[in-house]
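Q: Below is the structure, and that's it, no one-letter string:
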């Protein structure tokens, strides 16, 4: 699979390439919201109510407005997304560290799991955050999402604290990763 940031790649068993591009005028926020609901439904079924599993179209629009949204398309089918921001405007007390970037709404359609698309979107988010001038990225997820925490830890993220959002039903572990400064566009 290609690691190119914007371009195409072939998921295993696919009918063709997946392209990643920025969310554009005319793209459907309702379709993006439905993708988020599908992607996070497994967490909700396990009792972890991630905000993306139930957020409204208006919530999605608000969250898009706080960063840059990137989408993955297989033809015209929306199959993945991530929204990035750097620096991240964290709430007071959130263990982000000055100047850290972040991403949210990292989602892959369940039919594309195991294709490498999640890793590709994660790499894109990290590259974009570095390109926006941050030397670290912080994210959070449910302390009970052991598989997801393990996935991030295998990609260099380390726990740096905890947080509790008022829109979820769980405590979050905050994870941080330092980003290489080489090639950053400042």
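A: That came through fine. Just so it is clear, the structure is predicted and the values come from calculations on it, not from any experiment.
Q: Can you list the low-confidence ranges for the chain?
A: The model of the chain has pLDDT under 70 over residues 1-16, 170, 181-186.
Q: mind listing the strands for it?
A: In the chain, the strands defined using DSSP state E lie at 8-9, 18-22, 68-74, 77-85, 101-108, 136-142, 158-163, 172-178.
Q: what does the fifth one contact?
A: Under the criterion C-beta atoms under 8 Å, 6 or more residues apart in numbering, residues 35-36, 39-40, 52, 60, 63, 67, 69, 72, 79-88, 90, 96, 115, 117-118, 121-122, 125, 129-130, 132, 134, 136-139, 179 lie in contact with strand 101-108. No exception for glycine: its C-beta is placed from N, CA and C like everyone else's.
Q: quick one, longest helix in this structure?
A: For the chain, the helix with the greatest residue count under DSSP state H is helix 29-45.
Q: Which strands and helices lie in contact with it?
A: helix 57-64, strand 77-85, strand 101-108 (3 or more C-beta pairs under 8 Å, 6 or more residues apart in numbering; DSSP states H and E).
Q: Give me the nearest residue to residue 28, chain neighbours excluded.
A: Of all residues not flanking residue 28 in the chain, residue 78 sits nearest, at 7.9 Å (C-beta to C-beta, 6 or more residues apart in numbering).
Q: List only buried entries from the contacts of strand 101-108.
A: The neighbour-count test (16 or more other C-beta atoms under 10 Å) marks 35-36, 39-40, 52, 60, 63, 67, 69, 72, 79-88, 90, 96, 115, 117-118, 121-122, 125, 129-130, 132, 134, 136-139, 179 as buried among the contacts of strand 101-108.
Q: wait, isn't residue 52 in contact with residue 40?
A: Yes - Residue 52 lies in contact with residue 40 (C-beta atoms under 8 Å); the separation is 4.5 Å.
Q: Distance check, the residue positioned nearest the centre of the chain against residue 17.
A: Most central in the chain under C-alpha atoms, centre = their mean is residue 106, positioned 2.3 Å from the mean C-alpha point. Distance check for residue 106 against residue 17: by C-beta to C-beta, to the nearest Å, it reads 20 Å.
Q: Can you name the residues that contact the closest residue to residue 157 other than its chain neighbours?
A: Once flanking residues are discounted, residue 157 sits nearest to residue 175: 3.9 Å by C-beta to C-beta, 6+ apart. The neighbours of residue 175, taking C-beta under 8 Å, 6+ apart as the test, are 138-141, 149, 152-153, 157-160.
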